[in-house]
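*Asks:* Please find the sequence and the predicted model below.
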Amino acid sequence: MAIAVPGTHLAFDDTDSPEGMCTTYLATLMLEEFADLDLIGLPRLVRLNPNIPWKTRGNAAISLCLGRGSGKSRLCGHVADTDIRCYDRGAPVDPAELLERASKVLKRVARFDCDKTNPGIVASRAKPPPALYWGAVRGILGLRDVESQLKRSGARWRKFKNGRGVIGAASAMSWRPRDRTWEVIAYRSPDLVGTRRSISDESVIAMDRATRRTFNNYDYENHHIAIAPGSPCPILFGIRGDSSDELLKAKDMIRGERPSKWLLFMTNQGTDDHIVPKRVRSLKPRDSARVDVRVAKYPVTVPGKHVILRVTDGCEMDAAFYEPSRAFRDVARALIPGDEVTLYGSVRETPRSLNVEKMLVRRLVRDVRKSHNPMCDACGKRMGSVGANQGFRCKKCGKKAPYSRAIFEKHARNVKPGWYEPPVASRRHLHKPIRRLSRVNIDNL
Ligand code: ATP
(Lines give C-alpha, C1' and ligand atoms only; values in the text may rest on other atoms or scores of the structure.)
Protein backbone atom coordinates (compact mmCIF):
# COMPACT_ATOMS: atom_id res chain seq x y z
CA MET A 1 0.00 0.00 0.00
CA ALA A 2 1.30 3.48 -0.85
CA ILE A 3 2.19 5.63 2.16
CA ALA A 4 1.11 9.28 2.13
CA VAL A 5 3.96 11.73 2.81
CA PRO A 6 3.92 15.45 3.49
CA GLY A 7 4.16 17.70 0.47
CA THR A 8 3.53 16.64 -3.12
CA HIS A 9 6.21 14.87 -5.13
CA LEU A 10 7.24 16.05 -8.57
CA ALA A 11 9.75 14.07 -10.64
CA PHE A 12 11.01 14.40 -14.20
CA ASP A 13 13.54 12.83 -16.56
CA ASP A 14 14.91 12.62 -20.09
CA THR A 15 14.85 16.29 -21.02
CA ASP A 16 18.39 16.82 -22.27
CA SER A 17 20.56 15.92 -25.27
CA PRO A 18 24.33 15.47 -25.65
CA GLU A 19 24.38 19.04 -27.07
CA GLY A 20 22.92 20.73 -24.05
CA MET A 21 20.58 21.10 -21.10
CA CYS A 22 20.73 18.92 -18.02
CA THR A 23 17.92 17.47 -15.92
CA THR A 24 19.40 18.96 -12.71
CA TYR A 25 19.25 22.41 -14.33
CA LEU A 26 15.57 21.86 -14.97
CA ALA A 27 15.22 21.43 -11.19
CA THR A 28 16.40 25.03 -10.75
CA LEU A 29 13.92 26.23 -13.40
CA MET A 30 11.12 24.36 -11.63
CA LEU A 31 12.04 26.12 -8.37
CA GLU A 32 11.85 29.45 -10.21
CA GLU A 33 8.38 28.51 -11.48
CA PHE A 34 7.22 27.33 -8.05
CA ALA A 35 8.45 30.37 -6.13
CA ASP A 36 5.00 30.50 -4.45
CA LEU A 37 5.59 27.02 -2.93
CA ASP A 38 8.17 25.66 -0.53
CA LEU A 39 10.63 22.85 -0.98
CA ILE A 40 10.07 20.03 1.51
CA GLY A 41 13.35 18.17 2.08
CA LEU A 42 16.19 18.40 -0.41
CA PRO A 43 15.82 17.91 -4.15
CA ARG A 44 16.90 14.38 -5.06
CA LEU A 45 19.31 13.52 -7.85
CA VAL A 46 18.88 9.82 -8.51
CA ARG A 47 21.15 7.79 -10.78
CA LEU A 48 19.61 4.72 -12.39
CA ASN A 49 21.02 1.68 -14.20
CA PRO A 50 24.35 2.84 -15.67
CA ASN A 51 24.15 0.15 -18.38
CA ILE A 52 20.96 1.46 -20.03
CA PRO A 53 21.72 1.84 -23.77
CA TRP A 54 19.42 4.85 -24.29
CA LYS A 55 20.86 7.15 -21.60
CA THR A 56 22.28 10.51 -22.66
CA ARG A 57 25.10 10.60 -20.11
CA GLY A 58 24.82 9.50 -16.50
CA ASN A 59 21.20 8.20 -16.38
CA ALA A 60 20.05 10.76 -13.82
CA ALA A 61 16.49 11.69 -12.85
CA ILE A 62 15.20 14.32 -10.41
CA SER A 63 12.54 14.23 -7.73
CA LEU A 64 11.38 17.23 -5.67
CA CYS A 65 8.81 17.54 -2.91
CA LEU A 66 6.78 20.79 -2.89
CA GLY A 67 4.11 22.17 -0.60
CA ARG A 68 3.45 24.73 2.13
CA GLY A 69 6.46 24.35 4.39
CA SER A 70 6.45 24.17 8.18
CA GLY A 71 8.95 23.21 10.86
CA LYS A 72 12.67 23.94 10.62
CA SER A 73 14.18 25.14 7.36
CA ARG A 74 17.71 25.41 6.03
CA LEU A 75 19.50 27.06 3.13
CA CYS A 76 19.93 24.66 0.19
CA GLY A 77 20.30 26.83 -2.89
CA HIS A 78 20.34 30.20 -4.60
CA VAL A 79 18.17 30.54 -7.71
CA ALA A 80 16.94 33.66 -9.58
CA ASP A 81 18.75 35.90 -7.06
CA THR A 82 16.79 34.33 -4.22
CA ASP A 83 17.93 31.99 -1.46
CA ILE A 84 16.16 28.62 -1.51
CA ARG A 85 15.32 26.99 1.81
CA CYS A 86 13.98 23.50 2.37
CA TYR A 87 11.56 22.62 5.15
CA ASP A 88 11.32 19.58 7.41
CA ARG A 89 7.59 19.19 6.80
CA GLY A 90 4.88 20.57 4.58
CA ALA A 91 1.23 20.51 3.60
CA PRO A 92 0.59 18.98 0.16
CA VAL A 93 -0.63 20.83 -2.91
CA ASP A 94 -2.77 19.61 -5.81
CA PRO A 95 -0.72 17.16 -8.00
CA ALA A 96 -2.82 18.03 -11.07
CA GLU A 97 -1.93 21.71 -10.81
CA LEU A 98 1.73 20.87 -10.16
CA LEU A 99 1.81 18.64 -13.25
CA GLU A 100 0.21 21.33 -15.42
CA ARG A 101 2.63 24.06 -14.39
CA ALA A 102 5.71 21.78 -14.48
CA SER A 103 4.80 20.55 -17.99
CA LYS A 104 4.86 24.15 -19.25
CA VAL A 105 8.40 24.64 -17.89
CA LEU A 106 9.57 21.34 -19.36
CA LYS A 107 8.05 22.09 -22.79
CA ARG A 108 9.91 25.42 -22.86
CA VAL A 109 13.38 23.89 -22.34
CA ALA A 110 13.46 20.15 -23.18
CA ARG A 111 15.55 19.19 -26.22
CA PHE A 112 12.68 17.68 -28.23
CA ASP A 113 14.76 17.78 -31.43
CA CYS A 114 17.05 15.01 -30.11
CA ASP A 115 15.95 11.45 -31.04
CA LYS A 116 16.93 10.16 -27.63
CA THR A 117 14.98 12.79 -25.66
CA ASN A 118 11.63 11.42 -24.48
CA PRO A 119 10.60 13.45 -21.44
CA GLY A 120 8.30 12.33 -18.66
CA ILE A 121 6.88 14.08 -15.56
CA VAL A 122 5.17 12.50 -12.58
CA ALA A 123 3.28 14.27 -9.74
CA SER A 124 1.96 12.38 -6.74
CA ARG A 125 0.92 12.73 -3.09
CA ALA A 126 2.22 9.21 -2.36
CA LYS A 127 5.55 7.77 -3.43
CA PRO A 128 5.44 4.66 -5.62
CA PRO A 129 6.87 1.56 -3.84
CA PRO A 130 10.67 1.36 -3.45
CA ALA A 131 10.81 -1.81 -5.58
CA LEU A 132 10.53 0.51 -8.57
CA TYR A 133 13.78 2.23 -7.64
CA TRP A 134 15.62 -1.06 -7.08
CA GLY A 135 14.31 -2.41 -10.38
CA ALA A 136 15.47 0.71 -12.24
CA VAL A 137 18.93 0.97 -10.67
CA ARG A 138 19.71 -2.73 -11.16
CA GLY A 139 17.63 -3.83 -14.15
CA ILE A 140 15.46 -2.65 -17.04
CA LEU A 141 11.83 -1.64 -16.54
CA GLY A 142 9.03 -1.45 -19.08
CA LEU A 143 6.96 1.74 -19.40
CA ARG A 144 3.66 -0.13 -19.18
CA ASP A 145 4.57 -1.80 -15.85
CA VAL A 146 5.72 1.52 -14.44
CA GLU A 147 2.47 3.20 -15.48
CA SER A 148 0.42 0.46 -13.78
CA GLN A 149 2.39 1.03 -10.63
CA LEU A 150 1.86 4.80 -10.84
CA LYS A 151 -1.87 4.25 -11.24
CA ARG A 152 -1.92 2.11 -8.09
CA SER A 153 -0.05 4.88 -6.20
CA GLY A 154 -2.64 7.46 -7.32
CA ALA A 155 -0.02 9.41 -9.30
CA ARG A 156 -0.57 11.62 -12.33
CA TRP A 157 1.94 11.76 -15.15
CA ARG A 158 2.57 13.23 -18.56
CA LYS A 159 4.52 11.71 -21.44
CA PHE A 160 6.25 13.57 -24.25
CA LYS A 161 7.26 11.76 -27.47
CA ASN A 162 7.58 8.06 -26.50
CA GLY A 163 7.34 9.09 -22.83
CA ARG A 164 10.17 6.85 -21.65
CA GLY A 165 11.24 9.55 -19.20
CA VAL A 166 8.29 8.51 -16.99
CA ILE A 167 10.32 5.40 -16.05
CA GLY A 168 13.22 7.43 -14.66
CA ALA A 169 10.93 10.02 -13.05
CA ALA A 170 8.79 7.41 -11.24
CA SER A 171 11.87 5.46 -10.16
CA ALA A 172 13.55 8.57 -8.75
CA MET A 173 10.37 9.41 -6.84
CA SER A 174 10.26 5.92 -5.33
CA TRP A 175 13.82 6.09 -3.90
CA ARG A 176 13.99 5.59 -0.12
CA PRO A 177 17.69 5.93 0.70
CA ARG A 178 19.49 3.10 2.49
CA ASP A 179 22.73 4.93 1.85
CA ARG A 180 22.97 8.45 0.48
CA THR A 181 25.44 11.22 -0.37
CA TRP A 182 25.02 14.86 -1.35
CA GLU A 183 26.07 16.98 -4.31
CA VAL A 184 26.13 20.74 -4.52
CA ILE A 185 25.85 21.84 -8.15
CA ALA A 186 26.84 25.32 -9.34
CA TYR A 187 25.48 26.55 -12.71
CA ARG A 188 26.90 28.86 -15.36
CA SER A 189 25.42 32.12 -16.57
CA PRO A 190 23.32 31.33 -19.66
CA ASP A 191 25.54 33.56 -21.84
CA LEU A 192 28.61 31.43 -21.00
CA VAL A 193 27.07 28.00 -21.61
CA GLY A 194 28.99 26.27 -24.41
CA THR A 195 32.21 28.22 -23.80
CA ARG A 196 35.29 26.84 -21.96
CA ARG A 197 34.87 26.70 -18.19
CA SER A 198 37.42 28.62 -16.20
CA ILE A 199 38.08 26.90 -12.86
CA SER A 200 41.32 27.18 -10.92
CA ASP A 201 43.01 23.75 -10.49
CA GLU A 202 44.79 25.01 -7.37
CA SER A 203 41.50 25.96 -5.70
CA VAL A 204 40.02 22.51 -6.42
CA ILE A 205 43.11 20.80 -4.97
CA ALA A 206 43.03 23.14 -1.93
CA MET A 207 39.33 22.37 -1.41
CA ASP A 208 40.00 18.62 -1.74
CA ARG A 209 42.72 18.83 0.91
CA ALA A 210 40.76 21.09 3.26
CA THR A 211 37.58 19.00 3.29
CA ARG A 212 37.39 15.55 4.87
CA ARG A 213 34.03 14.33 3.62
CA THR A 214 34.04 15.25 -0.06
CA PHE A 215 35.11 12.79 -2.74
CA ASN A 216 36.01 12.53 -6.46
CA ASN A 217 37.18 16.16 -6.62
CA TYR A 218 40.47 15.93 -8.41
CA ASP A 219 42.10 13.16 -10.42
CA TYR A 220 45.71 13.30 -9.21
CA GLU A 221 46.73 10.50 -11.58
CA ASN A 222 45.52 12.30 -14.73
CA HIS A 223 45.85 15.90 -13.41
CA HIS A 224 42.22 16.55 -14.15
CA ILE A 225 39.48 18.54 -12.38
CA ALA A 226 36.77 15.93 -11.77
CA ILE A 227 34.15 18.36 -10.41
CA ALA A 228 33.60 20.02 -13.81
CA PRO A 229 31.87 18.21 -16.70
CA GLY A 230 33.36 18.25 -20.19
CA SER A 231 30.01 18.59 -21.97
CA PRO A 232 28.39 21.87 -23.12
CA CYS A 233 25.74 21.62 -20.35
CA PRO A 234 24.85 24.46 -17.91
CA ILE A 235 26.78 22.92 -14.98
CA LEU A 236 29.88 24.81 -13.86
CA PHE A 237 30.88 22.23 -11.24
CA GLY A 238 29.40 19.68 -8.83
CA ILE A 239 31.03 18.70 -5.54
CA ARG A 240 30.07 15.39 -3.91
CA GLY A 241 30.37 14.41 -0.31
CA ASP A 242 29.07 12.82 2.88
CA SER A 243 28.29 16.07 4.68
CA SER A 244 25.89 18.57 3.15
CA ASP A 245 27.15 21.31 5.51
CA GLU A 246 30.72 20.79 4.38
CA LEU A 247 29.63 20.92 0.72
CA LEU A 248 28.23 24.43 1.19
CA LYS A 249 31.65 25.55 2.46
CA ALA A 250 33.46 23.59 -0.27
CA LYS A 251 31.59 25.37 -3.09
CA ASP A 252 32.79 28.76 -1.82
CA MET A 253 36.40 27.59 -2.02
CA ILE A 254 36.35 27.18 -5.81
CA ARG A 255 37.96 30.07 -7.70
CA GLY A 256 37.37 31.13 -11.32
CA GLU A 257 34.13 31.69 -13.17
CA ARG A 258 31.33 32.76 -10.79
CA PRO A 259 28.24 30.56 -10.69
CA SER A 260 24.92 32.24 -11.50
CA LYS A 261 23.00 29.86 -9.21
CA TRP A 262 23.51 26.71 -7.14
CA LEU A 263 21.45 23.92 -5.61
CA LEU A 264 22.14 21.17 -3.09
CA PHE A 265 20.87 17.65 -3.91
CA MET A 266 20.57 14.47 -1.91
CA THR A 267 21.74 11.64 -4.14
CA ASN A 268 22.39 7.91 -4.46
CA GLN A 269 25.77 8.63 -6.10
CA GLY A 270 28.70 6.76 -4.59
CA THR A 271 26.48 4.12 -2.95
CA ASP A 272 27.03 0.98 -5.11
CA ASP A 273 23.23 0.60 -5.16
CA HIS A 274 23.54 -0.84 -8.68
CA ILE A 275 25.69 -3.78 -7.53
CA VAL A 276 24.17 -7.22 -6.86
CA PRO A 277 26.18 -10.15 -5.41
CA LYS A 278 26.16 -12.97 -8.00
CA ARG A 279 27.83 -16.18 -9.17
CA VAL A 280 29.63 -16.05 -12.51
CA ARG A 281 27.23 -18.62 -13.99
CA SER A 282 24.22 -16.32 -13.46
CA LEU A 283 25.73 -13.14 -14.98
CA LYS A 284 23.83 -11.63 -17.92
CA PRO A 285 24.86 -8.79 -20.27
CA ARG A 286 24.28 -5.35 -18.63
CA ASP A 287 24.25 -6.74 -15.07
CA SER A 288 26.23 -4.80 -12.48
CA ALA A 289 27.54 -7.36 -10.04
CA ARG A 290 29.96 -8.37 -7.33
CA VAL A 291 31.61 -11.79 -7.70
CA ASP A 292 33.99 -13.69 -5.40
CA VAL A 293 36.46 -15.44 -7.68
CA ARG A 294 39.90 -17.01 -7.99
CA VAL A 295 42.38 -16.05 -10.69
CA ALA A 296 42.47 -18.91 -13.21
CA LYS A 297 45.23 -17.78 -15.60
CA TYR A 298 48.04 -15.24 -15.75
CA PRO A 299 46.75 -11.80 -16.93
CA VAL A 300 47.34 -10.77 -20.53
CA THR A 301 47.62 -7.27 -21.98
CA VAL A 302 45.69 -7.02 -25.27
CA PRO A 303 45.85 -4.37 -28.06
CA GLY A 304 44.57 -1.06 -26.69
CA LYS A 305 46.55 -1.74 -23.47
CA HIS A 306 43.56 -3.33 -21.74
CA VAL A 307 44.33 -6.13 -19.25
CA ILE A 308 42.28 -9.33 -19.35
CA LEU A 309 42.20 -11.65 -16.36
CA ARG A 310 40.62 -15.10 -16.54
CA VAL A 311 38.80 -15.77 -13.25
CA THR A 312 36.65 -18.59 -11.87
CA ASP A 313 34.23 -19.46 -9.09
CA GLY A 314 33.66 -22.88 -10.62
CA CYS A 315 32.53 -21.20 -13.84
CA GLU A 316 35.15 -19.17 -15.76
CA MET A 317 34.92 -15.72 -17.30
CA ASP A 318 37.17 -12.86 -18.43
CA ALA A 319 37.49 -9.75 -16.29
CA ALA A 320 38.55 -6.64 -18.21
CA PHE A 321 40.59 -3.74 -16.83
CA TYR A 322 40.34 -1.09 -19.52
CA GLU A 323 43.07 1.36 -20.53
CA PRO A 324 41.45 4.48 -18.98
CA SER A 325 41.67 2.80 -15.58
CA ARG A 326 45.44 3.39 -15.82
CA ALA A 327 47.35 2.17 -12.71
CA PHE A 328 44.38 0.01 -11.69
CA ARG A 329 45.55 -2.29 -14.52
CA ASP A 330 48.93 -2.75 -12.78
CA VAL A 331 47.14 -4.42 -9.87
CA ALA A 332 45.49 -6.86 -12.27
CA ARG A 333 48.85 -7.46 -13.97
CA ALA A 334 50.38 -8.41 -10.61
CA LEU A 335 47.84 -11.19 -9.91
CA ILE A 336 48.63 -14.86 -10.50
CA PRO A 337 46.57 -18.07 -10.66
CA GLY A 338 45.15 -19.02 -7.27
CA ASP A 339 44.81 -15.45 -5.93
CA GLU A 340 41.37 -14.74 -4.48
CA VAL A 341 39.63 -11.48 -5.35
CA THR A 342 36.20 -9.85 -5.19
CA LEU A 343 35.37 -7.99 -8.40
CA TYR A 344 32.74 -5.26 -8.85
CA GLY A 345 31.70 -4.41 -12.39
CA SER A 346 29.29 -4.51 -15.31
CA VAL A 347 28.86 -7.33 -17.76
CA ARG A 348 29.64 -6.54 -21.39
CA GLU A 349 27.86 -8.48 -24.09
CA THR A 350 30.58 -8.94 -26.74
CA PRO A 351 33.18 -9.95 -25.98
CA ARG A 352 31.47 -11.33 -22.82
CA SER A 353 33.49 -9.97 -19.89
CA LEU A 354 33.14 -8.22 -16.56
CA ASN A 355 34.26 -4.60 -16.89
CA VAL A 356 35.91 -4.17 -13.48
CA GLU A 357 35.04 -1.01 -11.49
CA LYS A 358 36.54 -1.94 -8.12
CA MET A 359 38.47 -4.87 -6.66
CA LEU A 360 39.17 -6.34 -3.24
CA VAL A 361 42.28 -8.53 -3.22
CA ARG A 362 41.34 -11.02 -0.49
CA ARG A 363 44.16 -13.57 -0.47
CA LEU A 364 47.42 -13.94 -2.35
CA VAL A 365 49.09 -17.28 -3.03
CA ARG A 366 52.88 -17.77 -2.78
CA ASP A 367 54.53 -17.12 -6.11
CA VAL A 368 56.79 -20.15 -6.43
CA ARG A 369 58.00 -20.97 -9.92
CA LYS A 370 60.34 -23.60 -11.33
CA SER A 371 63.72 -22.04 -12.06
CA HIS A 372 65.78 -25.09 -13.15
CA ASN A 373 65.45 -28.77 -13.96
CA PRO A 374 66.99 -31.04 -11.26
CA MET A 375 70.45 -32.69 -11.47
CA CYS A 376 70.52 -36.45 -12.07
CA ASP A 377 71.23 -38.43 -8.84
CA ALA A 378 73.13 -41.11 -10.75
CA CYS A 379 75.40 -39.16 -13.11
CA GLY A 380 75.18 -35.53 -11.92
CA LYS A 381 73.99 -34.13 -15.26
CA ARG A 382 71.09 -31.62 -15.60
CA MET A 383 67.95 -33.60 -16.44
CA GLY A 384 65.57 -32.87 -19.35
CA SER A 385 61.83 -32.26 -19.08
CA VAL A 386 59.49 -35.04 -20.27
CA GLY A 387 56.57 -32.60 -20.77
CA ALA A 388 54.76 -29.86 -18.87
CA ASN A 389 54.55 -30.88 -15.18
CA GLN A 390 55.34 -34.46 -16.10
CA GLY A 391 58.75 -34.95 -14.53
CA PHE A 392 62.29 -35.35 -15.87
CA ARG A 393 64.57 -37.84 -17.53
CA CYS A 394 68.37 -37.84 -17.62
CA LYS A 395 69.54 -37.56 -21.21
CA LYS A 396 72.74 -39.43 -20.39
CA CYS A 397 71.68 -42.40 -18.23
CA GLY A 398 67.88 -42.35 -18.70
CA LYS A 399 67.04 -42.14 -14.99
CA LYS A 400 63.64 -40.60 -14.22
CA ALA A 401 62.64 -38.04 -11.52
CA PRO A 402 59.21 -36.62 -10.55
CA TYR A 403 58.28 -32.95 -11.20
CA SER A 404 58.62 -32.19 -7.45
CA ARG A 405 62.41 -32.64 -7.78
CA ALA A 406 62.66 -29.43 -9.88
CA ILE A 407 64.42 -26.44 -8.35
CA PHE A 408 61.84 -23.82 -7.33
CA GLU A 409 62.32 -20.13 -6.62
CA LYS A 410 60.04 -17.89 -4.55
CA HIS A 411 59.20 -14.52 -6.13
CA ALA A 412 58.16 -11.42 -4.20
CA ARG A 413 54.52 -10.36 -4.82
CA ASN A 414 54.04 -6.82 -6.19
CA VAL A 415 50.54 -6.42 -4.78
CA LYS A 416 49.05 -6.45 -1.29
CA PRO A 417 45.65 -7.61 -0.04
CA GLY A 418 43.21 -4.66 0.07
CA TRP A 419 40.89 -2.46 -1.97
CA TYR A 420 41.73 -1.04 -5.40
CA GLU A 421 39.77 1.25 -7.76
CA PRO A 422 40.31 3.21 -11.00
CA PRO A 423 41.33 6.89 -10.93
CA VAL A 424 38.57 9.46 -10.27
CA ALA A 425 38.07 10.34 -13.96
CA SER A 426 37.08 6.80 -14.94
CA ARG A 427 34.66 6.05 -12.10
CA ARG A 428 30.92 5.77 -12.56
CA HIS A 429 28.46 7.99 -10.67
CA LEU A 430 27.14 5.09 -8.58
CA HIS A 431 30.62 3.70 -7.81
CA LYS A 432 31.18 3.75 -4.06
CA PRO A 433 34.67 5.19 -3.64
CA ILE A 434 37.06 3.36 -1.31
CA ARG A 435 37.34 6.68 0.54
CA ARG A 436 33.75 6.28 1.74
CA LEU A 437 33.63 2.52 2.35
CA SER A 438 34.00 3.02 6.10
CA ARG A 439 32.28 6.38 6.24
CA VAL A 440 28.97 7.10 7.89
CA ASN A 441 26.72 9.96 6.79
CA ILE A 442 26.68 12.69 9.37
CA ASP A 443 23.50 14.43 8.41
CA ASN A 444 20.11 13.26 7.44
CA LEU A 445 18.06 15.82 5.58
P1 ATP B 1 21.47 13.22 -17.88
O2 ATP B 1 22.29 12.39 -16.92
O3 ATP B 1 22.28 14.20 -18.60
O4 ATP B 1 20.22 13.79 -17.24
P5 ATP B 1 20.68 10.77 -18.76
O6 ATP B 1 21.95 10.03 -19.01
O7 ATP B 1 19.96 10.75 -17.47
O8 ATP B 1 20.93 12.27 -19.03
P9 ATP B 1 18.24 10.41 -20.02
O10 ATP B 1 18.16 11.43 -21.07
O11 ATP B 1 17.55 10.65 -18.75
O12 ATP B 1 19.75 10.15 -19.83
O13 ATP B 1 17.77 9.01 -20.61
C14 ATP B 1 17.61 7.85 -19.85
C15 ATP B 1 16.29 7.22 -20.23
O16 ATP B 1 16.27 5.88 -19.79
C17 ATP B 1 15.11 7.89 -19.56
O18 ATP B 1 14.04 7.92 -20.48
C19 ATP B 1 14.75 6.97 -18.41
O20 ATP B 1 13.40 7.03 -18.08
C21 ATP B 1 15.13 5.64 -18.98
N22 ATP B 1 15.55 4.69 -17.98
C23 ATP B 1 16.37 4.92 -16.94
N24 ATP B 1 16.55 3.81 -16.22
C25 ATP B 1 15.81 2.85 -16.81
C26 ATP B 1 15.59 1.47 -16.52
N27 ATP B 1 16.20 0.88 -15.50
N28 ATP B 1 14.77 0.77 -17.32
C29 ATP B 1 14.19 1.38 -18.38
N30 ATP B 1 14.37 2.67 -18.70
C31 ATP B 1 15.18 3.41 -17.94
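*Replies:* Arrived safely, thanks for sending.

*Asks:* What's the local residue count around the residue of the chain found nearest the ligand?
*Replies:* Residue of the chain nearest the ligand, by CB to the nearest ligand atom: residue 168 (3.0 Å). Every C-beta, even on glycine, is put in place using the N, C-alpha and C of the backbone. Applying other CB atoms under 10 Å, we find 32 residues neighbouring residue 168.

*Asks:* Give the closest residue to it in space, chain neighbours not counted.
*Replies:* The shortest distance from residue 168 to any non-neighbouring residue, by CB to CB, 6 or more residues apart in numbering, is to residue 13 (3.2 Å).

*Asks:* For residue 285, give me its contacts.
*Replies:* 347, 348, 349, 352 (CB atoms under 8 Å, 6 or more residues apart in numbering).

*Asks:* out of those, who's nearest residue 438?
*Replies:* Proximity of those to residue 438 (CB to CB) peaks at residue 347, which lies at 27.8 Å.

*Asks:* Touching, the closest one and residue 286? I think so.
*Replies:* Yes. Using CB atoms under 8 Å, residue 347 is in contact with residue 286, at 6.3 Å.

*Asks:* Which of the two has more residues huddled nearby?
*Replies:* residue 347 (20 against 16).

*Asks:* Now for the closest residue to residue 323 other than its chain neighbours, how many residues are close by?
*Replies:* Counting by CB to CB, 6+ apart, the nearest residue to residue 323 once its immediate chain neighbours are dropped is residue 305, at 4.5 Å. Neighbourhood size, residue 305 [other CB under 10 Å]: 12.

*Asks:* Quick check on residue 305: phi, psi?
*Replies:* phi 70, psi 20 (degrees, to the nearest 10).

*Asks:* Just list whatever residues bridge to the closest residue to residue 300 other than its chain neighbours.
*Replies:* The shortest distance from residue 300 to any non-neighbouring residue, by CB to CB, 6+ apart, is to residue 308 (5.4 Å). Counting by DSSP bridges, residue 308 forms beta bridges with residue 300, residue 320.

*Asks:* now the strands for the stretch 151-300 of the chain?
*Replies:* 156-159, 181-187, 214-215, 218-219, 224-225, 235-241, 261-267, 276-277, 288-295, 300-302 (DSSP state E, counting those that start in this stretch).

*Asks:* Output those in a markdown table, with mean pLDDT, mean neighbour count and distance to the ligand appended to each entry.
*Replies:* A markdown table is the format used below for the strands of the stretch 151-300 of the chain (pLDDT from 0 to 100; neighbours: other CB atoms under 10 Å; distance: least, CB to the nearest ligand atom, whole Å):
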| stretch | mean pLDDT | mean neighbour count | distance to the ligand |
| --- | --- | --- | --- |
| strand 156-159 | 98 | 19 | 10 |
| strand 181-187 | 98 | 26 | 12 |
| strand 214-215 | 96 | 24 | 19 |
| strand 218-219 | 95 | 18 | 20 |
| strand 224-225 | 94 | 18 | 19 |
| strand 235-241 | 98 | 25 | 9 |
| strand 261-267 | 98 | 25 | 12 |
| strand 276-277 | 97 | 13 | 13 |
| strand 288-295 | 98 | 21 | 11 |
| strand 300-302 | 97 | 13 | 29 |
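
*Asks:* want to throw those into a markdown table with distance to residue 361?
*Replies:* As requested, the strands of the stretch 151-300 of the chain are exported to a markdown table (distance: least, CB to CB, whole Å):
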| stretch | distance to residue 361 |
| --- | --- |
| strand 156-159 | 47 |
| strand 181-187 | 26 |
| strand 214-215 | 22 |
| strand 218-219 | 22 |
| strand 224-225 | 26 |
| strand 235-241 | 26 |
| strand 261-267 | 29 |
| strand 276-277 | 18 |
| strand 288-295 | 10 |
| strand 300-302 | 19 |
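
*Asks:* what's around residue 143, how many residues?
*Replies:* Residues near residue 143, counting by other CB under 10 Å, number 17.

*Asks:* quick one: the helices in the chain?
*Replies:* In the chain, the helices defined using DSSP state H lie at 23-33, 95-109, 131-138, 143-152, 165-173, 201-210, 244-251, 328-333.

*Asks:* Reformat those as CSV; add mean pLDDT.
*Replies:* Converted to CSV, these look like this (pLDDT from 0 to 100):
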stretch, mean pLDDT
helix 23-33, 96
helix 95-109, 96
helix 131-138, 98
helix 143-152, 98
helix 165-173, 98
helix 201-210, 98
helix 244-251, 98
helix 328-333, 97
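
*Asks:* how far away is residue 112 from residue 58?
*Replies:* Residue 112 is 21 Å from residue 58, where distance means CB to CB, to the nearest Å.

*Asks:* quick check: domain ranges of the protein?
*Replies:* 1-272, 275-423 (automatic domain parsing).

*Asks:* Just say which of the ones you listed is most tucked in.
*Replies:* Counting by mean count of other CB atoms under 10 Å, domain 1-272 has the highest mean neighbour count of these, with a mean of 20.

*Asks:* Pull the residues that contact stretch 291-311.
*Replies:* 277-280, 283, 312-313, 316-323, 329, 332-333, 335-343, 353-354, 362.

*Asks:* Pull up the residues of this protein that are close to the ligand.
*Replies:* Residues of the chain lying close to the ligand (CB under 6 Å from any ligand atom) are 13-14, 16, 22-23, 48-49, 52, 54-60, 118, 136, 140-141, 164-165, 167-168.

*Asks:* hmm, 5 Å instead?
*Replies:* Residues of the chain found near the ligand (CB under 5 Å from any ligand atom) are 13-14, 16, 23, 48-49, 52, 55-60, 136, 140-141, 164-165, 167-168.

*Asks:* Kind regards, and thank you for your time.
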